[in-house]
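Asks: coordinates only, no sequence provided:
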């Protein structure tokens, strides 16, 4: 199980995350492309950290929403989504090449990610954008019981998928993330580590109502926004390394 984390999201004098502390413990860095966070110098510095620690680099594109940190849905047409992704992916791809790295995958951010999972027209536009890019790149999206249909959609476009699960989030019985507006949506440290251990050992997790949900996952999303989060990543890394 690989560990992925959203990084490079600082902008100007505003700092987001503890990238230098997180990078030694992860396998995949989802790097912001400038639309929700990540100015050029931040992107360059994050790429250098990834190179230093031999971490795979992915583009983390978003809706054009700096003010809202990409967390607000936007009514973009399919053509606008495709053009927006090409713009962002190309920027990160070019900067990665300048740092001696290759771009390995795409993971949408925030509301764009949520809309991708909830709305077929957004998901298909994102898939089309990546399929039309100048070279093949996998798309990272949430592991759900609908993985087979998502793989079929991607297969129509010759697109590879990577499925991710979330270390610290509680799941509904249908495989969706429990809304943050509901109690227990984010696990405490003990429940988070128990969920990670269950995913590693059994390929499943326990839902909010106590049901066992099997999920096909390639990578585990972790968060390093504060010192407690970094410590949690270290503990998760230890669990993964022991498996």
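Replies: Here it is on my side, so go on. As the structure is a computational prediction, the values presented were derived from the model and not from experiment.
Asks: find the residue at the geometric middle of this structure.
Replies: residue 107 (4.9 Å; CA atoms, centre = their mean).
Asks: how about residues contacting the lengthiest helix in the chain?
Replies: Among all segments of the chain classified by DSSP state H, the helix with the greatest residue count is helix 78-98. With contacts defined as CB atoms under 8 Å, 6 or more residues apart in numbering, helix 78-98 is touched by 31, 33-35, 40, 43-44, 47, 57, 59, 61-64, 76, 102-103, 106, 112, 121-122, 124-126, 128-130, 132-133, 137. For glycine as for every other residue, the C-beta is placed from the backbone atoms N, C-alpha and C.
Asks: quick one: buried ones out of these?
Replies: With neighbours counted by 16 or more other CB atoms under 10 Å, those contain buried members at 31, 33-35, 43-44, 47, 57, 59, 61-64, 76, 103, 106, 112, 122, 124-126, 128-130, 133, 137.
Asks: what about residue 233, neighbour count?
Replies: Each residue near residue 233 was counted by other CB atoms under 10 Å, and the total is 22.
Asks: tell me the confidence at it?
Replies: Model confidence at residue 233, given as pLDDT, is 95.
Asks: show me what contacts it?
Replies: 3, 5, 22, 25, 26, 222, 224.
Asks: which secondary structure state does the residue nearest to the fifth one when sequence neighbours are not counted sit in?
Replies: Across the structure, with CB to CB, 6 or more residues apart in numbering as the measure, the residue nearest residue 26 apart from its sequence neighbours is residue 3 (4.5 Å). When the structure is reduced to helix, strand and coil (DSSP: H, G, I helix; E, B strand; the rest coil), residue 3 reads as strand.
Asks: I'd assumed residue 23 was in contact with residue 3.
Replies: No: between residue 3 and residue 23 there is no contact, the gap being 10.9 Å when judged by CB atoms under 8 Å.
Asks: now the element after the longest helix of the chain, going C-ward?
Replies: Downstream of helix 78-98, the first helix or strand assigned by DSSP states H and E is strand 103-106.
Asks: what lies in contact with that next one?
Replies: Strand 103-106 is contacted from outside by 28, 56-59, 61, 85, 89, 92-93, 96-97, 130, 137-140, 162, using CB under 8 Å, 6+ apart.
Asks: distance of residue 207 relative to residue 198?
Replies: Noted for residue 207: a distance of 11 Å to residue 198, by CB to CB, to the nearest Å.
Asks: before we move on, what about residue 177?
Replies: Counting by CB to CB, the separation of residue 177 from residue 198 is 16 Å.
Asks: which one's more surrounded, these two?
Replies: Looking at residue 177 and residue 198 with other CB under 10 Å, you find the greater number of neighbours at residue 177, namely 17 against 14.
Asks: still on that earlier bit, who's in contact with the residue nearest to residue 26?
Replies: Taking CB under 8 Å, 6+ apart as the definition of contact, the neighbours of residue 3 are 25, 26, 27, 28, 219, 220, 222, 233, 236, 237, 240.
Asks: from the residues you listed, which would you call buried?
Replies: 25, 26, 27, 28, 219, 220, 222, 233, 236, 237, 240.
Asks: turn these into TSV, columns for secondary structure.
Replies: Formatted as TSV, the entries for the buried ones among the contacts of residue 3 read as follows, by three-state DSSP:
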residue	secondary structure
25	helix
26	coil
27	coil
28	strand
219	strand
220	strand
222	strand
233	helix
236	helix
237	helix
240	helix
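Asks: let me know the closest of those residues to residue 213.
Replies: residue 220 (15.2 Å; CB to CB).
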